[in-house]
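Novice: could you work out the structure for the sequence below:
(6 chains)
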6 protein chains.
Amino acid sequence: MAAIQDMLNQSQIIRPDGRTVDDLRPVKITRGWTDVPEGSVLIECGNTRVMCTATFTSTVPRWRKESGLGWVTAEYSMLPRATSDRTDRESVRGKIGGRTHEISRLIGRCLRGVVDMKALGEHQIQIDCDVLQADGGTRTASITGAYVALADALSWAEKNHRIRNAKKVLKEQVSAVSVGVIDGTPMLDLPYVEDSKAMTDMNVAMTGSGAFIEIQGTAEHRPFNREELGTLLDLATKGNKALQKAQRQALEQAL
Amino acid sequence: MAAIQDMLNQSQIIRPDGRTVDDLRPVKITRGWTDVPEGSVLIECGNTRVMCTATFTSTVPRWRKESGLGWVTAEYSMLPRATSDRTDRESVRGKIGGRTHEISRLIGRCLRGVVDMKALGEHQIQIDCDVLQADGGTRTASITGAYVALADALSWAEKNHRIRNAKKVLKEQVSAVSVGVIDGTPMLDLPYVEDSKAMTDMNVAMTGSGAFIEIQGTAEHRPFNREELGTLLDLATKGNKALQKAQRQALEQAL
Amino acid sequence: MAAIQDMLNQSQIIRPDGRTVDDLRPVKITRGWTDVPEGSVLIECGNTRVMCTATFTSTVPRWRKESGLGWVTAEYSMLPRATSDRTDRESVRGKIGGRTHEISRLIGRCLRGVVDMKALGEHQIQIDCDVLQADGGTRTASITGAYVALADALSWAEKNHRIRNAKKVLKEQVSAVSVGVIDGTPMLDLPYVEDSKAMTDMNVAMTGSGAFIEIQGTAEHRPFNREELGTLLDLATKGNKALQKAQRQALEQAL
Amino acid sequence: MAAIQDMLNQSQIIRPDGRTVDDLRPVKITRGWTDVPEGSVLIECGNTRVMCTATFTSTVPRWRKESGLGWVTAEYSMLPRATSDRTDRESVRGKIGGRTHEISRLIGRCLRGVVDMKALGEHQIQIDCDVLQADGGTRTASITGAYVALADALSWAEKNHRIRNAKKVLKEQVSAVSVGVIDGTPMLDLPYVEDSKAMTDMNVAMTGSGAFIEIQGTAEHRPFNREELGTLLDLATKGNKALQKAQRQALEQAL
Amino acid sequence: MAAIQDMLNQSQIIRPDGRTVDDLRPVKITRGWTDVPEGSVLIECGNTRVMCTATFTSTVPRWRKESGLGWVTAEYSMLPRATSDRTDRESVRGKIGGRTHEISRLIGRCLRGVVDMKALGEHQIQIDCDVLQADGGTRTASITGAYVALADALSWAEKNHRIRNAKKVLKEQVSAVSVGVIDGTPMLDLPYVEDSKAMTDMNVAMTGSGAFIEIQGTAEHRPFNREELGTLLDLATKGNKALQKAQRQALEQAL
Amino acid sequence: MAAIQDMLNQSQIIRPDGRTVDDLRPVKITRGWTDVPEGSVLIECGNTRVMCTATFTSTVPRWRKESGLGWVTAEYSMLPRATSDRTDRESVRGKIGGRTHEISRLIGRCLRGVVDMKALGEHQIQIDCDVLQADGGTRTASITGAYVALADALSWAEKNHRIRNAKKVLKEQVSAVSVGVIDGTPMLDLPYVEDSKAMTDMNVAMTGSGAFIEIQGTAEHRPFNREELGTLLDLATKGNKALQKAQRQALEQAL
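Specialist: Reported below is the predicted structural model:
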């Protein structure tokens, strides 16, 4: 496709951290990062570092009771000094900000998109994504890391006879990556320095089979057209494939 | 395109309210719906009814001061009996829920996407979207209605010598519409009954020139592929064109 | 009575909106204003516009359980741009203000004053009064409108076999009106411009048979004596009679 | 008047605590009850005991600045075991209840009704009424006690050269008392046991010259007519005269 | 011990209120200070005055249910004008401050330290300590007073057949006192004027048999060594003995 | 001393994790653990892992302005799955719990105890201690780790010419350790399994010169006497010496 060709040409561009436009930052996924959670993962995407835990509990929220169905929910939070300026704690301010709410809901939807709630049965998995260091892409790193924590929590649940078959519950792989248009050029996996000057900014969550779970593209600074959208989705597809490979490699190792 | 052809075939399907898959619900935009706000619009999309007001103020948030730039922000809320079951007031619960936060932020981003902040100067426009009756598509109706309220508030500001040129501030038209996949069929402008069983649900905000300001597609129930995405965007393009015509017709009349 | 005679003399005074001191503003009561609530009324008293809904539910608050008695409660709220300056949302501030609390409690008491809780049985009716536009007298308009919404909700409940006899539950009519002393002259039904300079301000809720349900008179700016009180109550009686006629006319029409 | 005659006949009734219908409970006003506040009063009305303090500060709220006018505000609160069952602290629940808000506002209005804001100048007086023991009439006892604390705070301010003339600031005396209809009989100054079964309940704040500052009558259980209102106001007038005598006696003593 | 000898020498120092370094302020404990609580005590330590109530209830917190064990908890609060400058109410601020939390927890721990939870059975005692006037040592006065209120509540419970044996439940006496180092000299029972300039500040809760329930020593301004610690504990031991004598004398009198 | 001799005898006891009663758990202090904060330390004490950051800012709280003095404050928090059961986020609950408040205040006091506020000048250092994994002693580990982060932040400030002399600001070293009595035996550095059954639990913060900054001993389950206190302080002294050696070794290495 022409879009891909353009993209390849743009690949000549070298970004501040030495990457081409379609390069992912180095990804590192550490399982069993803390001892007690059913799933505990540290994911590092470049300088972005997120601790993702999955808590398996045998109760579902009240509105879900006696439905025979499970539930997956997520909470995202930033530590005060994850960012270059200190951010006040939401616990101290007494309320959760809009950005936190928005991201928590996004993570929850993406993971629910790959879980078979009937196979899970009336159990709940609570995902916690705490950003230890933020350098762009914290919400997509959270999704990618949380998938691995979720997989571990389900293996734990199978091993402990809480569910029958972890594989049946987790229907598909899911990962997410950010793409954006910087100075007119579509690029993959934006660190903070690029993200803050992106005209268009898009987060794309995809399954292992290449379908979309969530697309969130926003263009506060310059609207984007259908062709740019195509290029961005090509980049996201490439990035998500690589992230899913990293997820599989991490999950293949013994815990 | 094949996608469009499929869509036309699917158009044979008649929906519960008598529409074909690419039909919009009847839209009615009433300007000057209340007396005091600088912009005050009632938008009705089928049974969904949203009151949108735009408040022009001569101060910007603290972090924006001495930047020479303006700001546009939005708050969305549902009246307790907009819905079939009564929803508790967020003021009574003492906190704003995640859904409200998410939608308020979406509306704000879409409107900022068509405003030239330099031309606006250090003024702020606060958009309030209060849902009087909800039947699906409240967030997209809010965006479509808020655009008209914003246009009126800017005309007011020009007439009252607060800004020089309202047209320069409002660079483009913006409207939004929901699309979704119901039982495998992509459809335009979902009422609640369809929305609640959609496999994929997407909100698309577009400018008058047909570019995207925001795409939010979510597939909690079944991932969607690139082709389906294409059909959904075709439908959204058609819907937004019709909504933008309604916006222009409303704005052409004397207030 | 001398008080009435004085009042008639004062009637020569023509107020800014062309009314005499004992004239009510035009009242308009629209039933079935939105589709889903059991009772839904838009009341307009001059430029004041309040949406009143009544929600019938089959549960009572915990402290009322197994008492055989029902309950009626009310919540009042102003939309941000009901007023000439935008008021911050109480949901955003995270707490309900004293004025809102005070008015919500007043509305609830007035409606409970005409409901037979035994005949209602263990059901609850929640009244929501949302002020779309405020021009004085929003709390009294809320009471007057809420009565009609309550009557409709009880008819709905009778028709749907939730209660036996709506008429038995609603023992009496209730309406409310404001009166006040402006520059020494007692006047009926104060719009904002008069209310803000009233020396004494009184809200009077009365039954169809002319008895008092609630009297709230306050004299921050100049105390009032027994004679003035008499004149104010005469005015309120006249105003409430007219409002009750409007309520009856509205309820006589088919919904 | 016939009303008074009826009342006298009813006076034959002996109430549970031995009083006739127009008897006040014993009142005791202790000035200087704590050491540091500018005004500090313990008022005891029967078993009801309220600590009232008045704090004089040299700043007014922001919205009052540069107006040349002062401000008086009040906060009412109940200690957890003022009541027979323990009431949860509002600080622990994280929000102020409607009843507290309503009463705080009432106290503030009554005191502002007797203060000349111009003579006060840009100073603020904050009244705190904390109920140590509640046996009915806590809000009216608060007003009566707060007046004395306010008077002491103004004397303090005059002595400390913060204001010129305390007497000019405090234009009039103010006190308040509750009246109500019990089993058809109007009575003065209701303790909890009577208050809880009153058909009509009214709080009446009056000035030293016998005019009304605030009338709040509510009839959740049985509406009242004009004649009953007359009798209730006669009782309130008698009660307030006695309370004002007690205030004067307390203020005549050296602090 | 040398430490004691030093202390005696220092006893020559006369403090602003005429006391020697090892003198306690006058203590006064009034039982049955209000009528309704199961235990109600006013404790006065110098100018510090705290109202302590103990509420006996027949339910325990949820997490304690079906354990056969009781629970004791405490809440501490300051009235706004207990202090020389008015402190904003925590109910108005919508949250409890750190200091309040810290002290409430301290009081609860100290009382739990002398209660046999098994003998108490599944009942709860809620202690409320409300500071009417603050002049240093409010937390230790609260503990000392709360012990007496607790004892009264247990006697009440025994008399009302809620528990078998009050003496078995209350294993020991407990009291607390503050000590500190002022200008290098250890002193007992600090009023505000001394407390605010203390280099080291220590609160010591002790049982009737002279053992420690809680030691909280803090040295923001100058660390303290082992020897000073010894002297401070000697002083605290002396102070607590005197306080416990006052507790016993109060409890010996008929209520 | 006899106390020490007893302790040595008790040293024969081997604890569940193989330690003697006066053994510290392995300590590991990693400086520069994240990139952006002025001081960033990961401290590991056995399985307890706390991330401590120090933020240097050039403004002090309002009440400290124009005093010429600096300020140090601290906030402590636990990630939801630091514990074996998931703890709800305080941001979600909308308020900070008593335990969190108590510990945050303790950490702040201990660090202020070793900082010369005049030498710091009008700058503020905010300490954040986020517990990634909790296995007892999280508050003492926080203090010990925060000291190192604070030292790094001051070095940063000196290097960046914000302060003159980091060494002058940081007057002394400070560390903290927990001690407790388990089944009658005093022990050093309790992990969760021991802490939860301790009769007495004490946290001791000490300076490099062996003086006390803070002693917090609590005996909910069995009061302790003077001799036990002596042994506990001996153990704490030993533990703090070892921790301070670890701090110095960490700080000696190049960052």
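Novice: tell me how far the residue of chain A found nearest chain C lies from chain B.
Specialist: Closest approach between chain A and chain C, counting by Cβ to the nearest Cβ: A:Lys95, at 6.0 Å. Where C-beta positions appear, they are placed from N, C-alpha and C, glycine not excepted. As judged by Cβ to the nearest Cβ, to the nearest Å, A:Lys95 and chain B stand 6 Å apart.
Novice: how about A:Gly217?
Specialist: Taking Cβ to the nearest Cβ, one finds A:Gly217 at 4 Å from chain B.
Novice: in what helix or strand does that residue lie?
Specialist: Of the helices and strands defined by DSSP states H and E, A:Gly217 is found in strand A:212-218.
Novice: I'd like the mean pLDDT over that strand, please.
Specialist: For strand A:212-218, mean pLDDT rounds to 96.
Novice: contact residues of the stretch 1-150 of chain A facing chain F?
Specialist: Residues of the stretch 1-150 of chain A lying near chain F by Cβ under 8 Å from any Cβ of the partner chain: A:34-37, A:40, A:47, A:49, A:51, A:53, A:55, A:57, A:75, A:77, A:79-84, A:86, A:89-92, A:94-96, A:100, A:126, A:128, A:130, A:132-133.
Novice: the same query, at a cut-off of 6 Å, please.
Specialist: Contact residues (Cβ under 6 Å from any Cβ of the partner chain) of the stretch 1-150 of chain A with chain F: A:34, A:36-37, A:53, A:55, A:79-81, A:84, A:86, A:90-91, A:94, A:96, A:128, A:130, A:133.
Novice: elements contacting the host helix or strand of A:Glu158?
Specialist: Assessed by DSSP H and E, A:Glu158 sits inside helix A:138-159. Helices and strands touching helix A:138-159, by 3 or more Cβ pairs under 6 Å, 6 or more residues apart in numbering or on different chains; DSSP states H and E, are strand A:39-45, strand A:48-57, helix A:98-112, strand A:124-133, helix A:166-169, strand A:174-182, helix A:226-252.
Novice: where's the nearest residue to A:Asp195 once chain neighbours are set aside relative to chain B, distance?
Specialist: Nearest residue to A:Asp195, sequence neighbours excluded (Cβ to Cβ, 6 or more residues apart in numbering or on different chains): A:Gly136, at 4.4 Å. Look at A:Gly136 and chain B: by Cβ to the nearest Cβ, they are 18 Å apart.
Novice: now A:Gly136: phi and psi?
Specialist: phi 80, psi 150 (degrees, to the nearest 10).
Novice: that one touches A:Pro191, doesn't it?
Specialist: Yes. Using Cβ atoms under 6 Å, A:Gly136 is in contact with A:Pro191, at 4.2 Å.
Novice: which one's more surrounded, those two?
Specialist: Neighbour count, other Cβ atoms under 10 Å in any protein chain shown: between A:Gly136 and A:Pro191, A:Gly136 has more, with 24 against 21.
Novice: residue ranges in the stretch 1-150 of chain A under the pLDDT threshold?
Specialist: A:1-11 (pLDDT under 70).
Novice: and the residue in the stretch 151-255 of chain A positioned nearest to chain E, how far from F:Asp85?
Specialist: When scored by Cβ to the nearest Cβ, the stretch 151-255 of chain A has A:Arg162 as its residue closest to chain E, at 23.4 Å. Distance of A:Arg162 to F:Asp85, given as Cβ to Cβ, to the nearest Å: 16 Å.
Novice: looking at these two, which is more packed in?
Specialist: A:Arg162 (18 against 9).
Novice: wasn't the more buried one part of a helix?
Specialist: No. Going by DSSP: H, G, I helix; E, B strand; the rest coil, the assignment for A:Arg162 is coil, not a helix.
Novice: spell out which residues of the stretch 151-255 of chain A are next to chain B.
Specialist: By Cβ under 6 Å from any Cβ, the residues of the stretch 151-255 of chain A that approach chain B are A:207, A:211-220, A:223-225.
Novice: ok, 10 Å please
Specialist: A:171-172, A:174, A:200, A:202, A:204-226, A:228-230, A:233-234, A:237 (Cβ under 10 Å from any Cβ of the partner chain).
Novice: could you flag which of the residues you listed are buried?
Specialist: Buried residues within these, defined by neighbour count using 16 or more other Cβ atoms under 10 Å in any protein chain shown: A:171-172, A:174, A:200, A:202, A:204-208, A:211-220, A:223-224, A:228-230, A:233-234, A:237.
Novice: now do the closest residue to A:Ala242 other than its chain neighbours against chain E, distance only.
Specialist: The shortest distance from A:Ala242 to any non-neighbouring residue, by Cβ to Cβ, 6+ apart, is to A:Leu24 (5.1 Å). Remark: distance between A:Leu24 and chain E (Cβ to the nearest Cβ) = 44 Å.
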